[in-house]
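Novice: output the structure for:
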Amino acid sequence: MLEEQAGTFSYVPPASSRFRVLKRSSQFLVDKPLGGIGAIIIAVLLLMAIFAPLIAPFPYAENHISDRLQGPSLRYFFGTDASGRDIFSRVVYGARVSVVVGFGAVSISVFIASVLGIVSAYYGGLVDTLIQRLVDIWLSFPSLVILISIMAVIGMGLSNLTLAIGLLLSVGFSRVVRASALTVKGNLFIEAATTIGASDMRIMFRHILPNVVPTIIVIATVQLGAAILIESSLSFLGYGVPPPRPSWGGMLSGSGLVYFTKAPWMAVFPGAFITLAVFGFNMLGDGLRDALDPRLRGSR
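Specialist: Just a heads-up that it's a prediction; the model follows:
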C-alpha cells in the first residue's frame, strides 16, 4: 500500500503483515499457556542480565560489614551474605553468567551437532559408522568426568566453561539431528536435487538443514535449561566462574552451605532462580515442540 507524505510516496505494509507476528505470538500464548509462562520467565531473565547495573541496588562485590547475615528487608531484598554483600544484587548479576553460558554453550552445541548429524545422515556407510561409533565412545563416559577433564585441560573461566558445556551437549544432540536428517533424506526433492547435479554441500545445507531446523530449535531451547543447570553444578563444585564474579551455583556452595541453617536465604534465592530458569526453558521447549511438530498440532 502506498501513502502520500509531503509530496512523496512511501510503502506502508498491509495490516496483515504488520500484525502477523503479534497474532502468532498471542495465539501461541493462548494455545500453549505453559510455553507462554516459560517465555515470560526467559524474557525476565534476559532483562535482568542486560540491565543488571540498573536493577541491582549495589555492586555485586560491595561489602557492608556492619550488615553481615541480615535477613530480607526493604534495604536488602534477599538479605546479605557472610561478607555483607547484597544477595539480590548478586543474583541479578548472576543472571548474566547464566545467559552467557546458556546461549553460548547452546550455540556451540547447535553448530557441532548440525554438522555431525547432517553429514552422518547424508553420506551414510563408513562415514556414518565412524561418526556414530565416536559418539558412542563419548557418551560412554560420565558427563561430570568429561566436564572436569576438559576444564582441567583448558583452564577455568567463563569462555572455557561455555566451550566445555557446548562440547558436552553437542554429541548427544547430533543423534537427534541425524535421525531427523535421515527422514528428510528419503524425500523425493532430495533425489531431484541429486538428479539435476546439485553439490553435496548444497543438498545438505540448502535442502536438508532447513527441514530439520524445527527439531533443532526445540532441542536447543531445552538444552538452554540444561546448560544453566550444568553451569550451576560446576560452580557448586568449584569448577565454574571464579570469584568474585557471582553465579547462582557458586552462591549455593561455600558460605551458602556453611550458613544455611543460620541464614537460609543465602541458598534459597539462588536456588529458586536456577529452578525458575530451568523451568522456563523446559516449558518453552515443550510449547515450541507442540507448535512446530505437525503431528502434535491437532486436527485444527
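Novice: measure residue 59 to residue 48 for me?
Specialist: Using C-beta to C-beta, to the nearest Å, residue 59 is found at 16 Å from residue 48. Any C-beta I mention is one placed from the backbone N, CA and C, and that applies to glycine too.
Novice: between these two, which is the more surrounded one?
Specialist: residue 48 (20 against 13; other C-beta atoms under 10 Å).
Novice: that one sits in which helix or strand?
Specialist: Using DSSP states H and E, residue 48 sits within helix 33-50.
Novice: work out the gap between that helix and the centre of the chain.
Specialist: Centroid displacement of helix 33-50 relative to its chain, using C-alpha atoms, centre = their mean, to the nearest Å, is 12 Å.
Novice: same deal with stretch 131-138?
Specialist: The answer for stretch 131-138 is 24 Å, by C-alpha atoms, centre = their mean.
Novice: list the buried residues of it.
Specialist: Buried residues in stretch 131-138, defined by neighbour count with 16 or more other C-beta atoms under 10 Å: 131, 135.
Novice: which stretches of this protein form strands?
Specialist: Taking DSSP state E as the criterion, the chain contains strands spanning 2-5, 8-11.
Novice: tell me how far residue 165 lies from residue 235.
Specialist: 12 Å.
Novice: scratch that, residue 102
Specialist: 13 Å.
Novice: what's the answer for residue 81, then?
Specialist: In terms of C-beta to C-beta, residue 81 sits 15 Å off from residue 235.
Novice: looking at these two, which has the bigger crowd around it?
Specialist: Higher neighbour count among residue 81 and residue 235: residue 235, with 28 against 24, using other C-beta under 10 Å.
Novice: all helices for the stretch 1-150 of the chain, in order.
Specialist: Counting by DSSP state H, counting those that start in this stretch, the stretch 1-150 of the chain has helices at residues 15-18, 20-31, 33-50, 52-55, 87-123, 125-139, 143-154.
Novice: about what we covered before: what residues of the helix holding residue 48 count as buried?
Specialist: Quick answer for helix 33-50 (16+ other C-beta under 10 Å): 35-39, 41-42, 45, 48-49.
Novice: what is the nearest of the residues you listed to residue 154?
Specialist: Ranked by distance to residue 154 (C-beta to C-beta), these are led by residue 49 at 24.3 Å.
Novice: pretty sure the closest one contacts residue 101?
Specialist: No - counting by C-beta atoms under 8 Å, residue 49 sits too far from residue 101 to count as a contact (10.9 Å).
Novice: quick one: the most centrally placed residue in the chain and residue 288, what's the gap?
Specialist: Nearest to the mean C-alpha position of the chain, by C-alpha atoms, centre = their mean, lies residue 224 at 2.2 Å. Counting by C-beta to C-beta, the gap from residue 224 to residue 288 is 11 Å.
Novice: again with residue 55
Specialist: Residue 55 is 28 Å from residue 288, by C-beta to C-beta.
Novice: these two: which is more packed in?
Specialist: When residue 55 and residue 288 are compared for neighbours, residue 288 comes out ahead with 22 against 15, by other C-beta under 10 Å.
Novice: what about the helices in the stretch 151-300 of the chain?
Specialist: 158-185, 188-195, 200-202, 209-237, 248-252, 255-258, 265-292.
Novice: flag the shaky bits of the stretch 1-150 of the chain, pLDDT-wise.
Specialist: Residues of the stretch 1-150 of the chain that meet the criterion pLDDT under 70 lie in 1-32.
Novice: change it to 50
Specialist: By pLDDT under 50, the weakly predicted segments of the stretch 1-150 of the chain are 1-12, 15.
Novice: burial count for residue 177?
Specialist: Neighbours of residue 177 using other C-beta under 10 Å come to 27.
Novice: OK, contacts around it?
Specialist: By C-beta atoms under 8 Å, 6 or more residues apart in numbering, the contact list for residue 177 reads 113-114, 116-118, 121, 212, 215-216.
Novice: could you find the closest non-adjacent residue to residue 277?
Specialist: Leaving aside its chain neighbours, residue 277 sits nearest to residue 228 (5.1 Å; criterion: C-beta to C-beta, 6 or more residues apart in numbering).
Novice: I'd say that neighbour and residue 274 touch.
Specialist: Yes - shown here, residue 228 and residue 274 form a contact pair, counting by C-beta under 8 Å, at 6.8 Å.
Novice: and those two? Which one has more around it.
Specialist: Shown here are residue 228 and residue 274; by other C-beta under 10 Å, residue 228 has more neighbours (30 against 24).
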